[in-house]
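# got a predicted structure plus its sequence, pasted below:
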Protein chains: 2
Amino acid sequence: MSAGRVLILGLGPGDAALRTPQSTAALAEATDLVGYGPYLDRVAAAPHVVRHPSDNREELSRARHALSLAEAGRVVAVVSSGDAGVFAMASAVFEAVEAGDPAWRRLDIAVCPGISAMLAVAARVGAPLGGDHCAISLSDNLKPWPLVLQRVRAAAGAGFVMAFYNPLSRARPWQLGQVLSELRTLLPGDVPVVFATAATRPEERITVTTLAEADPALADMRTLVLVGSRETRAIAREDAAPWVYTRRDARTR
Amino acid sequence: MSAGRVLILGLGPGDAALRTPQSTAALAEATDLVGYGPYLDRVAAAPHVVRHPSDNREELSRARHALSLAEAGRVVAVVSSGDAGVFAMASAVFEAVEAGDPAWRRLDIAVCPGISAMLAVAARVGAPLGGDHCAISLSDNLKPWPLVLQRVRAAAGAGFVMAFYNPLSRARPWQLGQVLSELRTLLPGDVPVVFATAATRPEERITVTTLAEADPALADMRTLVLVGSRETRAIAREDAAPWVYTRRDARTR
């Protein structure tokens, strides 16, 4: 058995104070860093560490590359933003393990959790995830668009607070707009909506608005969009953005 | 305006390596610690720091107490396990702010996110949250049981991976069993199910099983239960528990 390892880790949303000591320790052990280029750029590493940056959308070949390096005895950190298990590299690695060389099942693979975008954004605006909630990727790269809409309808109808990842793409700029239109038929217009881009980073941009007034143009590919439930409230404040939180209690409707 | 502050923070699941530097720094600033007794016991603090432990289920009075202390100029850390915003103290604090003294809206309140139980458990078993997913509290203390069941049905029907918090209580030991029975009518019996108690702590106990074989007796009040979707897979390994992950792609059914 090789002494190689795969350490799949999330850097958190951006602020270094939100990276766990476990992920920091994993990075210090790594001989090789594998990941999307801009995420690797966030990692300071010793000069002997080999960087293998790759483009977006190459998750599966990147995963296979990491597994091959580990098989050859390297200690490979597979680096994601946020939490590696949420719409990020961890699933791709295990997909590659399942479909790949049976020897890969004997590799030492560990996942280090991270502060996900959803948790980071929630903390910045208050406590919108205090009630039942869900995370939905609006990308239709890997699932059909009607399924995305079906999930959005089911979640809104049952009273979940919703976090939307990948709200739109260059190829399909209409995705978030269609979801918001659909939601306006299911939920009151005063439900709070949060647009958060680059949360906790110097260029952070957060807008708190309502479902009636939510403008999809506030989102780009890096934006997380939170849509509240009927239990989500905005607390007005003087000289500051409102707090947004979801009440702990809920009623049948 | 008072110089008091409220710092609402999550300690993470248990392992100190999963507590963020931001939460550690917040604890170092605090003059007062407010929270459920067993969580405060996990915090080492200087001798001058005043501890205000309280019982479970006293969230709202605990929140008011923290706000009053901050109004009097104290720096109060409100301590939760996991992430403070997920079925924990952050919502209770904002509920108290909204219903309370208007002066409380001018207090300096900050939320520090934490590694939630759901993210910690997912990392321990692989990547079950790689697809769309939701978090549901099965407690009916604050919402009617039919609403809990409605949300479970909606989530399973639409293909969400589900994380169940508060799966049962001493007063209502039947909750999780009823949910699992309901899910067996909606999902294939081979869908992976994970029971995780005290994840990342020395006494951690994790069981990977299937929906057909899931035994509610594996859960107690501290257990997080993950139920997969049709895209969730278990990868068998020699001499180790299977990896569990959710495929990134999904199909309409």
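Ah, there it is.
# so, low pLDDT: which residues of chain A?
A:1-2, A:252-253 (pLDDT under 70).
# now with 90?
The model of chain A has pLDDT under 90 over residues A:1-3, A:45-46, A:55-58, A:140-142, A:168-172, A:238-239, A:249-253.
# what does the domain assignment say about it?
A:5-115, A:118-246 (automatic domain parsing).
# among these, which is nearest residue B:128?
When the domains of chain A are compared by CB to CB, domain A:5-115 sits nearest residue B:128, at 7.6 Å. Backbone N, C-alpha and C define where each C-beta goes, glycine included.
# over to that closest one now: how far is its first residue from its last?
23 Å (CA to CA, to the nearest Å).
# please apply the same query to stretch A:14-22.
16 Å.
# tell me, how many residues neighbour residue A:47?
4 (other CB atoms under 10 Å in any protein chain shown).
# in stretch A:209-223, which residues are buried?
A:211, A:214, A:216, A:218-219, A:222-223 (16 or more other CB atoms under 10 Å in any protein chain shown).
# one more: stretch A:60-79?
A:60, A:62-71, A:74-79.
# what's the answer for stretch A:193-209, then?
So, applying 16+ other CB under 10 Å, buried residues of stretch A:193-209: A:193-200, A:204, A:206-208.
# output the buried residues of stretch A:209-223 as JSON lines; include the columns distance to residue B:123 and secondary structure.
Output for the buried residues of stretch A:209-223, formatted as JSON lines (distance: CB to CB, whole Å; DSSP: H, G, I helix; E, B strand; the rest coil):
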{"residue": "A:211", "distance to residue B:123": "33", "secondary structure": "coil"}
{"residue": "A:214", "distance to residue B:123": "33", "secondary structure": "coil"}
{"residue": "A:216", "distance to residue B:123": "33", "secondary structure": "helix"}
{"residue": "A:218", "distance to residue B:123": "32", "secondary structure": "helix"}
{"residue": "A:219", "distance to residue B:123": "28", "secondary structure": "coil"}
{"residue": "A:222", "distance to residue B:123": "23", "secondary structure": "coil"}
{"residue": "A:223", "distance to residue B:123": "25", "secondary structure": "strand"}
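# tell me the two of those residues that are most distant?
By the measure CB to CB, A:211 and A:222 form the most distant pair in the buried residues of stretch A:209-223, at 21.7 Å.
# nearest to chain B, of the buried residues of stretch A:193-209?
Of all these, chain B sits closest to residue A:200, with 8.9 Å by CB to the nearest CB.
# contact partners for that closest one?
Counting by CB atoms under 8 Å, 6 or more residues apart in numbering or on different chains, residue A:200 makes contact with A:12-15, A:18, A:120, A:124.
# and if we set it to 6 Å?
Neighbouring residues of residue A:200 by CB atoms under 6 Å, 6 or more residues apart in numbering or on different chains: A:13-15, A:120.
# tell me the one of those residues nearest residue A:183?
Using CB to CB, the contacts of residue A:200 come closest to residue A:183 at residue A:120, 22.8 Å.
# assign that closest one to helix, strand or coil.
On the three-state scheme (DSSP: H, G, I helix; E, B strand; the rest coil), residue A:120 is labelled helix.
# got the phi and psi for the residue lying closest to it once chain neighbours are set aside?
Spatial nearest neighbour of residue A:120, excluding adjacent residues (CB to CB, 6 or more residues apart in numbering or on different chains): residue A:13 at 3.8 Å. Here is the backbone geometry of residue A:13 (degrees, to the nearest 10): phi -70, psi -20.
# can you count the residues close to residue A:13?
Counted with other CB under 10 Å, residue A:13 comes out at 28.
# chain B contacts on the stretch 101-250 of chain A?
A:105, A:111, A:113, A:115, A:119-120, A:122-123, A:126-127, A:129-130, A:132-136, A:142-144, A:146-147, A:150-151, A:154, A:158, A:235, A:237, A:243, A:245, A:248-250 (CB under 6 Å from any CB of the partner chain).
# write the ChimeraX selection for whichever of these are buried.
With 16+ other CB under 10 Å as the criterion, this ChimeraX line picks the buried residues out of these:
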select /A:105,111,113,115,119,120,122,123,126,127,129,130,132,133,134,135,136,143,147,150,151,154,158,243,245,248,250
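# in strands only, show me the residues of the stretch 101-250 of chain A next to chain B.
In this view, these that belong to strands under DSSP state E are A:111, A:126-127, A:133-136, A:235, A:237, A:243, A:245.
# all strands of chain A, in order?
Using DSSP E, strands in chain A cover A:5-10, A:32-36, A:50-54, A:75-80, A:108-112, A:126-127, A:133-137, A:161-165, A:192-197, A:205-210, A:223-227, A:232-237, A:240-246.
# in JSON lines: these, plus distance to residue B:177.
Shown next, in JSON lines, are the strands of chain A (distance: least, CB to CB, whole Å):
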{"stretch": "strand A:5-10", "distance to residue B:177": "34"}
{"stretch": "strand A:32-36", "distance to residue B:177": "42"}
{"stretch": "strand A:50-54", "distance to residue B:177": "46"}
{"stretch": "strand A:75-80", "distance to residue B:177": "36"}
{"stretch": "strand A:108-112", "distance to residue B:177": "30"}
{"stretch": "strand A:126-127", "distance to residue B:177": "30"}
{"stretch": "strand A:133-137", "distance to residue B:177": "24"}
{"stretch": "strand A:161-165", "distance to residue B:177": "27"}
{"stretch": "strand A:192-197", "distance to residue B:177": "36"}
{"stretch": "strand A:205-210", "distance to residue B:177": "40"}
{"stretch": "strand A:223-227", "distance to residue B:177": "32"}
{"stretch": "strand A:232-237", "distance to residue B:177": "31"}
{"stretch": "strand A:240-246", "distance to residue B:177": "28"}
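# pull the contacting residues for the residue nearest to residue A:111 when sequence neighbours are not counted.
Counting by CB to CB, 6+ apart, residue A:111 lies nearest to residue B:123, which is 4.0 Å off, once chain neighbours are set aside. Residues in contact with residue B:123, defined by CB under 6 Å, 6+ apart, are A:85, A:111, A:113.
# repeat for residue A:175
A:138, A:168 are the contacts of residue A:175 under CB under 6 Å, 6+ apart.
# and with 8 Å instead?
If you count contacts by CB under 8 Å, 6+ apart, residue A:175 has them with A:138-140, A:145, A:148, A:167-169.
# quick check on these: which are buried?
Buried among those by 16+ other CB under 10 Å: A:138-140, A:148, A:167-168.
# now render these as a markdown table, adding distance to residue B:98.
Shown next, in a markdown table, are those (distance: CB to CB, whole Å):
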| residue | distance to residue B:98 |
| --- | --- |
| A:138 | 31 |
| A:139 | 35 |
| A:140 | 38 |
| A:148 | 33 |
| A:167 | 28 |
| A:168 | 33 |
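# out of these, which are inside helices?
Among the buried ones among the contacts of residue A:175, the ones falling in helices (DSSP state H) are residue A:148.
# list just the nearest of the buried ones among the contacts of residue A:175 to residue A:3.
Closest to residue A:3, out of all of the buried ones among the contacts of residue A:175 and judged by CB to CB, is residue A:139, at 36.9 Å.
# the closest one and residue A:166, how far apart?
4 Å (CB to CB, to the nearest Å).
# what do you get for residue A:35?
For residue A:35, the distance to residue A:166 (CB to CB) stands at 17 Å.
# higher neighbour count, these two?
Counted by other CB under 10 Å, residue A:35 and residue A:166 do not tie: residue A:35 has more neighbours, with 28 against 21.
# could you give the bridge partners of the residue nearest to the more buried one when sequence neighbours are not counted?
Setting aside the residues directly before and after it, residue A:35 is nearest to residue A:79 in space (CB to CB, 6+ apart), at 3.6 Å. In this entry, residue A:79 is beta-bridged to residue A:9, residue A:35, by DSSP bridges.
# residue A:11 is in contact with residue A:79, correct?
Yes - if you go by CB atoms under 8 Å, residue A:79 and residue A:11 touch, sitting 6.4 Å apart.
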